[in-house]
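Visitor: Mind folding the following:
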Amino acid sequence: MNYPMIHTCIRVLDLEASEQFYQQAFGFEVSRKKDFPEGGFTLSYMRTLGETFELELTYNYDRQEPYSLGDGYSHLAVEVDDLEASHQRHSEMGLAPTPLKGLEQGKARFYFLRDPDGYLVEIVRTA
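Guide: Sure, this is the predicted structure:
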(Lines give C-alpha, C1' and ligand atoms only; values in the text may rest on other atoms or scores of the structure.)
Protein backbone atom coordinates (compact mmCIF):
# COMPACT_ATOMS: atom_id res chain seq x y z
CA MET A 1 0.00 0.00 0.00
CA ASN A 2 1.06 3.55 -0.71
CA TYR A 3 0.24 6.44 1.64
CA PRO A 4 1.30 9.69 -0.03
CA MET A 5 1.09 12.83 2.09
CA ILE A 6 -1.65 15.13 0.81
CA HIS A 7 -1.69 18.05 3.25
CA THR A 8 -0.78 19.38 6.65
CA CYS A 9 -3.02 21.72 8.63
CA ILE A 10 -2.18 24.71 10.77
CA ARG A 11 -4.65 27.00 12.51
CA VAL A 12 -4.28 30.71 11.83
CA LEU A 13 -5.59 33.84 13.51
CA ASP A 14 -5.52 36.10 10.41
CA LEU A 15 -6.18 34.16 7.20
CA GLU A 16 -5.27 37.02 4.86
CA ALA A 17 -1.94 37.68 6.60
CA SER A 18 -1.05 33.98 6.56
CA GLU A 19 -1.94 33.56 2.88
CA GLN A 20 0.11 36.65 2.04
CA PHE A 21 3.12 35.36 4.03
CA TYR A 22 3.19 31.98 2.26
CA GLN A 23 2.61 33.63 -1.15
CA GLN A 24 5.37 36.21 -0.75
CA ALA A 25 7.92 34.12 1.14
CA PHE A 26 7.62 30.85 -0.81
CA GLY A 27 5.48 31.36 -3.91
CA PHE A 28 2.53 29.34 -2.58
CA GLU A 29 -0.82 30.00 -4.21
CA VAL A 30 -4.32 29.31 -2.94
CA SER A 31 -5.36 26.16 -4.77
CA ARG A 32 -8.85 26.05 -3.29
CA LYS A 33 -10.81 27.63 -0.49
CA LYS A 34 -13.88 26.35 1.35
CA ASP A 35 -16.09 28.43 3.63
CA PHE A 36 -18.19 26.68 6.26
CA PRO A 37 -20.30 29.50 7.77
CA GLU A 38 -22.49 27.04 9.68
CA GLY A 39 -19.37 25.63 11.34
CA GLY A 40 -17.72 29.04 11.78
CA PHE A 41 -14.53 28.36 9.82
CA THR A 42 -12.76 28.64 6.45
CA LEU A 43 -10.20 26.26 4.98
CA SER A 44 -7.63 27.70 2.58
CA TYR A 45 -5.44 25.17 0.75
CA MET A 46 -2.13 26.42 -0.62
CA ARG A 47 0.56 24.78 -2.73
CA THR A 48 3.46 25.56 -4.98
CA LEU A 49 3.36 25.25 -8.76
CA GLY A 50 3.52 21.67 -9.95
CA GLU A 51 3.14 20.14 -6.48
CA THR A 52 0.17 18.21 -5.13
CA PHE A 53 1.01 18.48 -1.41
CA GLU A 54 -1.00 21.27 0.20
CA LEU A 55 -0.73 23.46 3.27
CA GLU A 56 -4.19 23.76 4.81
CA LEU A 57 -4.77 27.00 6.70
CA THR A 58 -7.74 26.70 9.07
CA TYR A 59 -9.33 29.99 10.11
CA ASN A 60 -11.95 29.89 12.88
CA TYR A 61 -14.19 32.96 12.71
CA ASP A 62 -14.60 33.52 16.44
CA ARG A 63 -10.99 32.99 17.52
CA GLN A 64 -9.53 36.06 19.24
CA GLU A 65 -6.46 34.67 21.02
CA PRO A 66 -3.34 33.30 19.30
CA TYR A 67 -3.05 29.52 19.26
CA SER A 68 -0.69 27.85 21.70
CA LEU A 69 2.09 26.25 19.68
CA GLY A 70 3.40 24.17 22.55
CA ASP A 71 7.01 23.63 23.49
CA GLY A 72 7.90 21.03 20.86
CA TYR A 73 10.20 21.91 18.00
CA SER A 74 7.58 21.41 15.30
CA HIS A 75 8.02 23.08 11.92
CA LEU A 76 7.26 22.97 8.22
CA ALA A 77 10.14 22.61 5.75
CA VAL A 78 10.71 23.76 2.17
CA GLU A 79 13.65 23.10 -0.17
CA VAL A 80 15.68 25.68 -2.03
CA ASP A 81 18.62 25.38 -4.42
CA ASP A 82 20.38 28.64 -3.49
CA LEU A 83 20.20 28.96 0.29
CA GLU A 84 22.23 32.18 0.51
CA ALA A 85 20.15 33.97 -2.15
CA SER A 86 16.94 32.83 -0.46
CA HIS A 87 18.21 34.04 2.92
CA GLN A 88 19.12 37.43 1.43
CA ARG A 89 15.70 37.69 -0.28
CA HIS A 90 13.86 36.93 2.96
CA SER A 91 16.05 39.44 4.82
CA GLU A 92 15.29 42.14 2.23
CA MET A 93 11.57 41.35 2.60
CA GLY A 94 11.86 42.10 6.32
CA LEU A 95 10.95 38.53 7.35
CA ALA A 96 13.79 38.28 9.91
CA PRO A 97 15.31 34.91 8.97
CA THR A 98 17.49 33.20 11.56
CA PRO A 99 21.21 33.03 10.79
CA LEU A 100 22.34 30.37 8.32
CA LYS A 101 23.23 27.17 10.16
CA GLY A 102 24.53 23.73 9.35
CA LEU A 103 24.94 20.38 10.99
CA GLU A 104 28.03 19.67 8.90
CA GLN A 105 31.30 21.42 9.73
CA GLY A 106 31.46 24.79 8.00
CA LYS A 107 28.58 24.31 5.54
CA ALA A 108 25.30 26.18 5.93
CA ARG A 109 22.34 23.90 5.29
CA PHE A 110 19.27 25.70 6.64
CA TYR A 111 17.60 28.66 8.34
CA PHE A 112 14.15 29.40 9.74
CA LEU A 113 11.37 31.96 9.32
CA ARG A 114 8.34 32.52 11.55
CA ASP A 115 4.94 32.92 9.94
CA PRO A 116 2.37 35.45 11.28
CA ASP A 117 1.11 32.89 13.84
CA GLY A 118 4.58 31.94 15.06
CA TYR A 119 4.90 28.65 13.19
CA LEU A 120 8.47 27.89 12.14
CA VAL A 121 9.32 27.21 8.51
CA GLU A 122 12.70 25.64 7.82
CA ILE A 123 14.37 26.50 4.51
CA VAL A 124 16.75 23.68 3.56
CA ARG A 125 19.52 23.55 0.92
CA THR A 126 18.73 20.73 -1.52
CA ALA A 127 22.25 20.16 -2.84
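
Visitor: And the helices in the chain, which stretches?
Guide: 15-26, 83-92 (DSSP state H).

Visitor: what about the strands in the chain?
Guide: Shown for the chain, the strands assigned by DSSP state E span residues 7-12, 29-36, 41-47, 54-60, 76-80, 110-114, 120-125.

Visitor: and the ones you listed as CSV, adding mean pLDDT and distance to residue 102?
Guide: Where C-beta positions appear, they are placed from N, C-alpha and C, glycine not excepted. Converted to CSV, these look like this (pLDDT from 0 to 100; distance: least, CB to CB, whole Å):
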stretch, mean pLDDT, distance to residue 102
strand 7-12, 96, 25
strand 29-36, 97, 31
strand 41-47, 98, 28
strand 54-60, 97, 26
strand 76-80, 93, 14
strand 110-114, 95, 7
strand 120-125, 94, 8
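
Visitor: Format the ones you listed as TSV; extra columns: distance to residue 95 and mean neighbour count.
Guide: Listed next are the strands of the chain as TSV, based on distance: least, CB to CB, whole Å; neighbours: other CB atoms under 10 Å:
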stretch	distance to residue 95	mean neighbour count
strand 7-12	17	16
strand 29-36	18	12
strand 41-47	17	19
strand 54-60	17	19
strand 76-80	13	15
strand 110-114	5	19
strand 120-125	10	18
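
Visitor: Residue 92: which of those is closest?
Guide: strand 110-114 (13.0 Å; CB to CB).

Visitor: before we move on, the earlier item: kindly compare burial across the helices of the chain and name the winner.
Guide: helix 15-26 (a mean of 17; mean count of other CB atoms under 10 Å).

Visitor: circling back to that earlier point, take the helices of the chain and lay them out in TSV including distance to residue 108 and mean pLDDT.
Guide: As requested, those are exported to TSV (distance: least, CB to CB, whole Å; pLDDT from 0 to 100):
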stretch	distance to residue 108	mean pLDDT
helix 15-26	19	98
helix 83-92	6	96
